[in-house]
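# quick one, structure for this:
(chains A and B)
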Amino acid sequence: MRVGIVKFCCLACTQALVFLVKESGRMLSKIVLFIEELERNAFFMTKAPTEEDIEASPTLSAMQALKYQEDDPEELAMEHKEDGNHHFKKKLYKFAIKSYTEGLKQKCENAELKAILYTNRAASHFHIENYASSLEDAKQALKLKPDHLKAIYRCVDCCMKLSRYSEVIQHCDNGLKIFPEDKKLLEKRAFAVKEKKAQERDERKRKLQEKRIKAEQEKLLAAVKERNIQLRLSPALDDSKNKLANSTSGSLTDDDILKSLGLDSISKNHVILDESGTLNWPVRFLYPECNQSDLISAFNENSRFSDHFKVMFDPDEDIPWDETKAYTLDNLEIYFEDYDRSKLVKFNPDKTLREILQDKRCHVYHGAPSFLVLSRATPFRDEYLKQYGGN
Amino acid sequence: MDDKLLDELISFLAPSAQPPLREKALEYVVGLSGTEEGLKSLEPRITKCVLALCDLTDDLNKTFREDVFKGLINLSSVEKAASKVSHEKEIVLKLLQIICDPTHTCADEGCMVLSNLTRNSGNCQQILNCLEDPNIRQTIDLAKLVEVFCTDGYNKSASLHSLGSVLANLMQLKEARKFVLDRDRCVVQRLLPYTQYMQSEVRRRGVVTALKNCCFETEHHEWLLSDSVDILPYLLLPLAGPEELDEDDMEGMPEDLQYLDEDKRREPDPVIRKLLIESIMKLCSTKVGRDIIKAKRAYIIMREYDKWEQNVQVKDVAYELIQLLIGDDPEDDIKDLDKINIPAEVQEKFEKLTKENPRIEDDEFYEGDS
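Just a heads-up that it's a prediction; the model follows:
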């Protein structure tokens, strides 16, 4: 081989000289180009060629072809294996894979050698975390050489990385048939059995939790349906996406209801059914005059609005955004929006949340009932109501 | 039927006899072997009869062969015949080969015959000697039997469940237990999952019996309960039900016992349940075993089990185990026992433990049945 390469290098050199003579009469710029070309030439290369270089350069391809030209398939496969091992040692796993693949392409009948090529390629795949490919190769190797311990180990390690513990156990058992006292296989088997148990436990736990959540949701659905509360996916009527959700909650699918209650997301703020069978809603109060809002995260449906107002508008405490001191208990007015008629509906704050939610005109969307609060002591109230279409 | 006629009948079983004649003779012998009376009349020449049948196990006709095995199973249930046959190395070898032949259609029947042969521990020794015969062990040894038993779909036309009772029977012998409990190999570990093998009671019973016999080996308790084997959950899981347990109760419990499905069923066979509880009791007979079993919250499983068990006999055994699990151990560092007032209940426990403690006697071991 070596002689061949030297010969070839001389040839390349001669070619280069001929090229030079031919090109000598041409423009200087062409010579510059030529120098660049020269740098790509195998003979003048200062760095080891990469795979891409080889593909891009006809000369290098030719050199490679020459290297692998004259030997019989087995020797060729061996050459590729050596190349692969060389790359592997340098941790150039992708190149190693390419070499082993080339080796496997040879029409070599030597099962032992092929098994090694597969095993080595499996090792390369393993190092770049290509566990599925690695496993496939290791299995191929085992087909050719069932007692190839390295390949058995590789199968075991791949399945372990892939968390396929039943397969780990299977491979260990197969290996232990041949090497019944192999420490590594015994250890890995015990480890896999343990991991498998944990995995199965987690799966059971997950299923159980899923079931619990589902059961809770069903209870909640039943409670919401029973109260005949009007649910919406979004408030606007003309929203085409909302068409399906425009009708009463009776005609919404369970999934839509859950979605409209905000239970499909991970958000914690949604209606909760407590043990006594009472719904607790997240309720939003909006103060349009001051661009403010309050959120009661769990408003017991049997509580009255006035109960909450007493706390929220405690006369002994200042409300920072209420500069004119207009928002006092006596002055408060509370409304819900009738989206279908674009009207504000005023109601008595001594009513409970449940009573209001059962009003056909009141809709809940995004899972949180929201209410407008105005003060009858400010001119804003009249303006606002007028704007809204006159109440 | 007089003796002369019977002798003649048996002579027709010879491979050299005319096929139609042989078939008739076989039919007759199988018929006889199926009834108590018939067996009795065959008894004086039972060995001869079994040996004759053994020669016919290779017959090419499948139905004929099946009848031969039917007769063999019945006849080998007679101790005298079993004892004689187990001394016949060639026959034992042939049975072993049939069992380990992945294509043999009568492998199950072979297992049953061998199971009958191994009921008596004296015969077991013969079979074990056979398995250790240098000429035989190259192809078939105890490891091979375990492997055959534990390989799903090893024989497409035979389930090999009854091989479990063969293994259980062989575990009556210390030598066999020594092999199964070999720490450098993976043998007992492969048997464990079959305590939950719902498709076959025979297989479950065989395995649980084998495991119980292994639990007599007190010096292996710590190893059996360690991560290398982890025998406890396999004994407890069949006793565990679908009851939802508190997170606190599950703390420290083996993972296989946590969050069981709501359709989890307990072992339906009371005999197997009893064997399982007795196995755990055996493991409790050493301090190290008791400590591990307590730490792994076996009590919680047994507490729920006790509420469920209806069978009085099994419930009694379960109660005993529960007492062991909730009782406090005497302190280790008390040297001068005479100076200490031992409370009556502790005394009782001690006595019970002593009674339970394994002085291994072969007749204490359970045998599987076919």
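# elements contacting whichever strand or helix holds B:Glu278?
Under DSSP states H and E, the secondary-structure element containing B:Glu278 is helix B:270-283. Applying 3 or more Cβ pairs under 8 Å, 6 or more residues apart in numbering or on different chains; DSSP states H and E, one finds that helix B:270-283 makes contact with helix B:201-214, helix B:221-225, helix B:232-236, helix B:287-295, helix B:312-326. C-beta coordinates here come from the backbone N, C-alpha and C atoms, glycine included.
# go again using 10 Å as the cut-off
Secondary-structure packing of helix B:270-283 (3 or more Cβ pairs under 10 Å, 6 or more residues apart in numbering or on different chains; DSSP states H and E): helix B:201-214, helix B:221-225, helix B:232-236, helix B:287-295, helix B:298-308, helix B:312-326, helix B:344-356.
# can I get it in PDB? Just the C-alpha atoms.
The C-alpha trace of helix B:270-283 is given here as PDB (Å, rounded to 0.1, in the frame of the first residue of the first chain):
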ATOM      1  CA  PRO B 270     -55.700 -21.300  49.700                       C
ATOM      2  CA  VAL B 271     -53.000 -23.900  49.600                       C
ATOM      3  CA  ILE B 272     -50.700 -21.500  47.700                       C
ATOM      4  CA  ARG B 273     -51.600 -18.700  50.100                       C
ATOM      5  CA  LYS B 274     -50.700 -20.800  53.000                       C
ATOM      6  CA  LEU B 275     -47.400 -21.800  51.400                       C
ATOM      7  CA  LEU B 276     -46.600 -18.100  50.800                       C
ATOM      8  CA  ILE B 277     -47.300 -17.100  54.400                       C
ATOM      9  CA  GLU B 278     -45.300 -20.100  55.700                       C
ATOM     10  CA  SER B 279     -42.400 -19.000  53.500                       C
ATOM     11  CA  ILE B 280     -42.400 -15.500  55.000                       C
ATOM     12  CA  MET B 281     -42.600 -17.100  58.400                       C
ATOM     13  CA  LYS B 282     -39.500 -19.100  57.600                       C
ATOM     14  CA  LEU B 283     -37.700 -16.000  56.600                       C
END
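# buried residues in it?
Using 16 or more other Cβ atoms under 10 Å in any protein chain shown as the test for burial, helix B:270-283 gives B:271-283.
# circling back to that earlier point, can you tell which of the helices and strands packed on helix B:270-283 is closest to A:Glu218?
helix B:298-308 (27.4 Å; Cβ to Cβ).
# for that closest one, buried residues please.
Counting neighbours by 16+ other Cβ under 10 Å, one finds that the buried residues in helix B:298-308 are B:298-305.
# which two of these have the greatest separation?
B:Ala298 and B:Glu304 (11.2 Å).
# joint contacts of these two?
Both B:Ala298 and B:Glu304 are in contact with B:Leu239, where contact means Cβ atoms under 10 Å, 6 or more residues apart in numbering or on different chains.
# can you name the residue of the stretch 101-250 of chain B nearest chain A?
Of all residues in the stretch 101-250 of chain B, B:Asp184 sits closest to chain A, at 4.6 Å by Cβ to the nearest Cβ.
# who are the contact partners of that residue?
For B:Asp184, the contacting residues are A:180-183, A:186, by Cβ under 10 Å, 6+ apart.
# ok, now with 7 Å
For B:Asp184, the set of contacting residues under the criterion of Cβ atoms under 7 Å, 6 or more residues apart in numbering or on different chains consists of A:Glu181.
# and the helix holding B:Glu278, average pLDDT?
Helix B:270-283 shows a mean pLDDT of 97.
# contacts for that helix next, please.
Residues from elsewhere that reach helix B:270-283, judged by Cβ under 7 Å, 6+ apart: B:204-205, B:208-209, B:211-212, B:215-216, B:221, B:224-225, B:235, B:238-239, B:267, B:289, B:293, B:298, B:311, B:314, B:317-318, B:320-321, B:324, B:356, B:358, B:366.
# now those residues: which count as buried?
Among the contacts of helix B:270-283, those that count as buried by neighbour count (16+ other Cβ under 10 Å) are B:204-205, B:208-209, B:211-212, B:215-216, B:221, B:224-225, B:235, B:238-239, B:267, B:289, B:293, B:298, B:314, B:317-318, B:320-321, B:324, B:366.
# please identify the buried residues of stretch A:174-189?
Using 16+ other Cβ under 10 Å as the burial criterion, the residues of stretch A:174-189 that qualify are A:175-176, A:180, A:182, A:185-186, A:188-189.
# which residues touch that stretch?
For stretch A:174-189, the external contacting residues (Cβ under 7 Å, 6+ apart) are A:147, A:149, A:152-153, A:156, A:160, A:168-169, A:172, B:143, B:147, B:184-186.
# so, low pLDDT: which residues of the stretch 251-370 of chain B?
Judged by pLDDT under 70, the stretch 251-370 of chain B has its weakly predicted residues at B:329-343, B:346, B:350-351, B:353-370.
# near chain A, which residues of it show up?
Neighbours of chain A within the stretch 251-370 of chain B, by Cβ under 7 Å from any Cβ of the partner chain: B:255-256, B:258-261.
# with distance to A:Glu226, secondary structure and neighbour count as extra columns, can I get these in JSON lines?
Shown next, in JSON lines, are those (distance: Cβ to Cβ, whole Å; DSSP: H, G, I helix; E, B strand; the rest coil; neighbours: other Cβ atoms under 10 Å in any protein chain shown):
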{"residue": "B:Glu255", "distance to A:Glu226": "41", "secondary structure": "helix", "neighbour count": "19"}
{"residue": "B:Asp256", "distance to A:Glu226": "42", "secondary structure": "helix", "neighbour count": "22"}
{"residue": "B:Gln258", "distance to A:Glu226": "36", "secondary structure": "coil", "neighbour count": "22"}
{"residue": "B:Tyr259", "distance to A:Glu226": "32", "secondary structure": "coil", "neighbour count": "19"}
{"residue": "B:Leu260", "distance to A:Glu226": "34", "secondary structure": "coil", "neighbour count": "19"}
{"residue": "B:Asp261", "distance to A:Glu226": "31", "secondary structure": "coil", "neighbour count": "10"}
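# among the residues you listed, which pair sits farthest apart?
The widest separation within these (Cβ to Cβ) is 14.2 Å, between B:Glu255 and B:Asp261.
# what about the helices in the stretch 51-200 of chain A?
Along the stretch 51-200 of chain A, the stretches classed as helices by DSSP state H, counting those that start in this stretch are A:51-56, A:58-67, A:73-89, A:93-105, A:111-127, A:131-144, A:149-161, A:165-178, A:183-226.
# got a markdown table for those, with mean pLDDT and distance to B:Leu163 too?
As requested, those are arranged in a markdown table below (pLDDT from 0 to 100; distance: least, Cβ to Cβ, whole Å):
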| stretch | mean pLDDT | distance to B:Leu163 |
| --- | --- | --- |
| helix A:51-56 | 61 | 56 |
| helix A:58-67 | 60 | 58 |
| helix A:73-89 | 92 | 45 |
| helix A:93-105 | 94 | 42 |
| helix A:111-127 | 95 | 34 |
| helix A:131-144 | 96 | 27 |
| helix A:149-161 | 97 | 26 |
| helix A:165-178 | 95 | 17 |
| helix A:183-226 | 92 | 22 |
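# can you list those helices in CSV and add distance to B:Gln347?
Putting the helices of the stretch 51-200 of chain A into CSV (distance: least, Cβ to Cβ, whole Å) gives the following:
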stretch, distance to B:Gln347
helix A:51-56, 82
helix A:58-67, 88
helix A:73-89, 70
helix A:93-105, 70
helix A:111-127, 62
helix A:131-144, 60
helix A:149-161, 51
helix A:165-178, 47
helix A:183-226, 40
